[in-house]
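Participant: A predicted structure for the sequence below; I have some questions about it.
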Amino acid sequence: MHRPGARRGRRGRGRPGARPPVRPRAGRGPRRAGGRRAAGPRAPRPARSRVRARLLGDLSRGVRATVIDVHAHIVLESVLGAAGPHGPELDDGDAATGHPPCFRVGGYTLVGVKYRGSPFMDPDLRLAAMDEAGIEIQVLSPNPLTFFSHVEAEWADAFCRRHNDEVAALVARAPDRFRGFAQLPMQDPALAVAELRRSVTDLGLLAPYLGTDLGRALDDPAFDDVWAACVELDVPVFFHPAPDGIDRPRRDERLARFDGDLWIGFLYEETLAVASLVLGGVLDRFPTLDVCISHGGGATAWLAERMEHAARTRPWGPPELADAGAVAARLRRIWWDAHVGGPTALAALLAAFGPDRVVAGTNLGGWDQSRDPTYGDAALDRTLAGNARRLLRLDRVR
């Protein structure tokens, strides 16, 4: 998700654009979830290197990191205003007058979050936070506030092109630590396919990173050309929700209370995304398409058996899902981001789907950040990193 938390990395030396190229900086080793060092004796655990550049090598030798974080949102100074009247706009606020910082996207304004001077906007601070958390590689993704899924296609396309160019430039400044996802103007699938091809073949970005509410269901045939292009390019597709009420009216005012759009609404959207992909036939139409859903797929782990029962007994049930185990077999094709909120939820995700298609995510710097995505399980760290290498094709020479 997208809101900075209270704990941050060490302060950098200014803002992006006013410094020499970013270089990885040594950190201070792994910490427990919450950022505090362990006190007293503890069981031995393989040490994580502070800086992995000498171990990672380039893509021609493959990537052998221990922690590869696929849940890493950024905000880029250079894309402010790139969507024209829709922004985004950033106001740092004024502590002296009590004016809070604000981030405006169209008619939606996020109040009280200061992006400047945080890992979201300062790559030095991000690298320092990664070092402290023992994260070797992050795959940088758009801020969900700026998916622009419901604005005019020309503004969405302009923003996506600028954003993808700037992500590629940021990756080039620290290629041993950063990789990048692409943002696409999904309201116009033809534009989306063109930008996907450019982002992957020209910019070297690894995969599209999309919202879950695209104005149509994910199984709408209008999107089939996008999924077909992913298969042709041999790249996965990642899905992450946006808060309710961005680019369109809020659908449920109850989610405005207690930040419910973040910890309830996101899970609702992710569960709907899984339903569209499985019950709507996307995975059947594209049997080699890899998809990854953020936050462990929402409530899917708890609803998988109920989903299968509905597909087998309700009148809309597709014939191909009528057999016992048919839904479960398709769920086993999906990849899941392990940023689920805590060890109990992670255990439930692993119990439901096993560890072989789970990848690490932290939302480092965000309100719900997890500085240790496996909560101290070094063996699981290695498993999830291997999964990320397979999912993102990191060992492939591009």
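Facilitator: Here it is on my side, so go on. Small disclaimer: the values here were computed from a predicted structure and weren't measured. Numbers count the residues shown, from 1 in each chain.

Participant: CA only for contacts and neighbour counts going forward, please
Facilitator: OK.

Participant: Okay, and residue 329 sits in which element?
Facilitator: helix 326-331 (DSSP states H and E).

Participant: Now that helix: buried residues?
Facilitator: Within helix 326-331, the residues scored as buried using 16 or more other C-alpha atoms under 10 Å are 327, 328, 330, 331.

Participant: Against which helices or strands is that helix packed?
Facilitator: helix 266-279, helix 300-313 (3 or more C-alpha pairs under 8 Å, 6 or more residues apart in numbering; DSSP states H and E).

Participant: send the alpha carbons of the last one over as PDB?
Facilitator: In this case it means helix 300-313. Extracted C-alpha coordinates of helix 300-313, given in PDB (Å, rounded to 0.1, in the frame of the first residue of the first chain):
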ATOM      1  CA  THR A 300      -9.000 -16.000  -1.300                       C
ATOM      2  CA  ALA A 301      -7.200 -18.400   1.100                       C
ATOM      3  CA  TRP A 302     -10.300 -18.300   3.400                       C
ATOM      4  CA  LEU A 303     -12.800 -18.500   0.500                       C
ATOM      5  CA  ALA A 304     -11.200 -21.000  -1.800                       C
ATOM      6  CA  GLU A 305     -13.400 -23.900  -0.800                       C
ATOM      7  CA  ARG A 306     -16.500 -21.800  -0.900                       C
ATOM      8  CA  MET A 307     -15.500 -20.500  -4.300                       C
ATOM      9  CA  GLU A 308     -15.200 -24.000  -5.600                       C
ATOM     10  CA  HIS A 309     -18.600 -25.000  -4.100                       C
ATOM     11  CA  ALA A 310     -20.200 -22.000  -5.800                       C
ATOM     12  CA  ALA A 311     -18.700 -22.800  -9.200                       C
ATOM     13  CA  ARG A 312     -19.900 -26.400  -8.900                       C
ATOM     14  CA  THR A 313     -23.500 -25.800  -7.600                       C
END
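
Participant: got the buried residues for it?
Facilitator: 300, 301, 304, 307, 308, 309, 310, 311, 312.

Participant: Identify the residue nearest the third one in space, chain neighbours excluded?
Facilitator: Once flanking residues are discounted, residue 304 sits nearest to residue 328: 7.2 Å by C-alpha to C-alpha, 6 or more residues apart in numbering.

Participant: shouldn't that neighbour be in contact with residue 307?
Facilitator: No: counting by C-alpha atoms under 8 Å, residue 328 stays clear of residue 307, with 9.1 Å between them.

Participant: Helices of the stretch 51-200 of the chain, start to end?
Facilitator: Using DSSP state H, counting those that start in this stretch, the helices of the stretch 51-200 of the chain run over 53-56, 123-133, 153-173, 189-197.

Participant: Including mean pLDDT, could these go into TSV?
Facilitator: TSV is the format used below for the helices of the stretch 51-200 of the chain (pLDDT from 0 to 100):
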stretch	mean pLDDT
helix 53-56	31
helix 123-133	92
helix 153-173	96
helix 189-197	98
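
Participant: Kindly reformat those as CSV containing mean neighbour count and distance to residue 342.
Facilitator: As requested, the helices of the stretch 51-200 of the chain are exported to CSV (neighbours: other C-alpha atoms under 10 Å; distance: least, C-alpha to C-alpha, whole Å):
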stretch, mean neighbour count, distance to residue 342
helix 53-56, 14, 29
helix 123-133, 26, 16
helix 153-173, 20, 29
helix 189-197, 20, 34
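
Participant: mind putting those helices in a markdown table, distance to residue 323 included?
Facilitator: Converted to a markdown table, these look like this (distance: least, C-alpha to C-alpha, whole Å):
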| stretch | distance to residue 323 |
| --- | --- |
| helix 53-56 | 45 |
| helix 123-133 | 45 |
| helix 153-173 | 41 |
| helix 189-197 | 33 |
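
Participant: Quick one: closest of those to residue 96.
Facilitator: Nearest of those to residue 96, taken as C-alpha to C-alpha: helix 123-133 at 25.2 Å.
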